[in-house]
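1. no sequence for this one, just the structure:
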């Protein structure tokens, strides 16, 4: 925060306007604006933008009725923001928040007031880009997810065909074919991950959170648009020798730790689910349960199998309401299809009937 620059002249500027740039080496020296000043200015601007939005909405309601406000709410908000920045930043004046906090935009590269091109680029990036993204992102996500769904279905169908072929070979030649499972290709795993997490991966809030954490550390570029165009703030108020510019580095540490923890939990959850599916597939195969779709397991349509289960109701699974395939008992004694109860317990580890705790590792396939 002690870094100083000399981008502007000591000549007083008109109220609300940027001070004029001066090539002289005798200009005033200004410190970089601190994070609290930038946040306070942004909050002040947000308040005045909301006031402008209310006035604009009231005018449009009188002219076109309330239906327009409901159907074009996002467009009206973007128009109000564009109008606010056009009347201030675009024309070379300070915003009301910047004037209130005595801060001024400068070009971080040249350390002079930003030219019209950069100011226009910042306004377009700060106002129009978010509006365009809110309109295009849902369509983009739906289109990409549809393509990934079709790709995943083709990959899974290929795996099922290969497992069926392995099951046929294993039935003809005992000992050949291993456990009958086909290793999932890396490409298919990536496609599944992208399909299941497309909304999270394309959520702009993640980028904004990272930018905010960096801002708390450095005190520069509160908005992504300012970082893109290299616009920083300097503090134009004269400071007393005893005054010290404070920052929000502690908040940066906390926010950074939160982002790292969220990323770790997301990755660990995804990896644990993948490992669990593979592990329990092997457990089911080791117990003689058909979990891969190749071949048929123990089915209670044959009355000779597990004859101690008597009556149609006792031989039907209460989850799928069909005669049980690979009947499996929970620790509380209720019996279901292996596929039904295994999937249930992985998502909700309790018996569907009595709500007693039931974990996948405690399920007992029945044979007789």
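-> That came in fine, so what should we check first? Please read all numbers here as calculations on a predicted model, not as lab measurements.
2. residue boundaries of the helices in the stretch 51-200 of the chain?
-> Taking DSSP state H, counting those that start in this stretch as the criterion, the stretch 51-200 of the chain contains helices spanning 66-71, 73-87, 96-101, 116-123, 129-172, 186-196, 198-201.
3. Highest mean neighbour count across these, which stretch is it?
-> Mean neighbour count, computed with mean count of other Cβ atoms under 10 Å, is highest for helix 96-101 among those, reaching a mean of 21. Quick note: C-beta positions are derived from backbone N, CA and C, even for glycine.
4. What mean pLDDT does that helix get?
-> Over the span of helix 96-101, the pLDDT mean works out to 94.
5. Quickly note the distance from residue 129 to residue 184.
-> 38 Å (Cβ to Cβ, to the nearest Å).
6. next one: residue 123
-> 48 Å.
7. now do residue 334
-> The separation that residue 334 has from residue 184, given Cβ to Cβ, amounts to 32 Å.
8. Pairing partners for residue 325 in the sheet, please.
-> residue 299 (DSSP bridges).
9. Tell me how many other residues crowd it.
-> Per other Cβ atoms under 10 Å, the neighbour tally for residue 325 reads 21.
10. what's the weakest-modelled helix or strand in this structure?
-> Across the helices and strands of the chain, the lowest-confidence element by mean pLDDT, DSSP states H and E is strand 4-5, at a mean of 44.
11. The very next helix or strand once past it - contacts with which helices or strands?
-> With elements assigned by DSSP states H and E, the helix or strand that comes after strand 4-5 is strand 30-31. Where contact means 3 or more Cβ pairs under 8 Å, 6 or more residues apart in numbering; DSSP states H and E, strand 30-31 is packed against strand 4-5, strand 231-235.
12. who's in contact with residue 332?
-> Counting by Cβ atoms under 8 Å, 6 or more residues apart in numbering, residue 332 makes contact with 351, 353-354, 356, 358.
13. which of those count as buried?
-> 351, 358 (16 or more other Cβ atoms under 10 Å).
14. Looking at the contacts of residue 332, which is nearest residue 82?
-> residue 358 (58.0 Å; Cβ to Cβ).
15. and the closest one, what does it touch?
-> So residue 358 contacts 330-332, 341, 345, 349-351 (Cβ under 8 Å, 6+ apart).
16. ok, 7 Å please
-> Contacts for residue 358 (Cβ atoms under 7 Å, 6 or more residues apart in numbering) come out as 330-332, 345, 349-351.
17. and what of residue 57?
-> 69, 76.
18. quick one: it from residue 66, how far?
-> From residue 57 over to residue 66 (counting by Cβ to Cβ), the distance is 10 Å.
19. which regions of the stretch 151-300 of the chain lie under the pLDDT threshold?
-> For the stretch 151-300 of the chain, the stretches flagged by pLDDT under 70 are 170-181, 241, 243-245, 271-300.
20. one more time with 80
-> Counting by pLDDT under 80, the stretch 151-300 of the chain contains low-confidence ranges at 163-164, 166-183, 238-246, 268-300.
21. before we move on, back to that, now that we have the contacts of residue 332, can you turn them into CSV and tack on pLDDT?
-> Shown next, in CSV, are the contacts of residue 332 (pLDDT from 0 to 100):
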residue, pLDDT
351, 88
353, 87
354, 87
356, 86
358, 82
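22. so which of the contacts of residue 332 would you say is closest to residue 153?
-> Of these, the one sitting nearest to residue 153 (Cβ to Cβ) turns out to be residue 358, at 31.1 Å.
23. any idea how far the closest one is from residue 81?
-> Applying Cβ to Cβ to residue 358 and residue 81 gives a distance of 54 Å.
24. Residue 260 too?
-> Remark: distance between residue 260 and residue 81 (Cβ to Cβ) = 32 Å.
25. Then residue 58?
-> 17 Å.
26. thinking again about what came up before, out of the helices of the stretch 51-200 of the chain, the one nearest residue 39 is which?
-> Of all the helices of the stretch 51-200 of the chain, helix 96-101 comes closest under Cβ to Cβ, at 9.2 Å.
27. Now the residue lying closest to residue 221 once chain neighbours are set aside: which helix or strand?
-> Nearest residue to residue 221, sequence neighbours excluded (Cβ to Cβ, 6 or more residues apart in numbering): residue 227, at 3.8 Å. Element membership of residue 227, judged by DSSP H and E, is helix 224-229.
28. Could you tell me which residues make contact with residue 246?
-> Residue 246 neighbours (Cβ under 7 Å, 6+ apart): 34, 36.
29. Using the three-state scheme, assign it.
-> Here residue 246 is recorded as coil under DSSP: H, G, I helix; E, B strand; the rest coil.
30. Please shift the residue numbers so they start at 358 in all later answers.
-> Okay, residue one is now 358; in that scheme the one you just asked about reads as residue 603.
31. so how far is residue 576 from it?
-> From residue 603 to residue 576 the distance is 10 Å (Cβ to Cβ).
32. Could you tell me which residues touch both of the two?
-> Here residue 603 and residue 576 have residue 391 as joint contacts, going by Cβ under 7 Å, 6+ apart.
33. would a markdown table of the contacts of residue 715 with secondary structure be doable?
-> As requested, those are arranged in a markdown table below (three-state DSSP):
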| residue | secondary structure |
| --- | --- |
| 687 | coil |
| 688 | coil |
| 689 | coil |
| 702 | helix |
| 706 | coil |
| 707 | strand |
| 708 | coil |
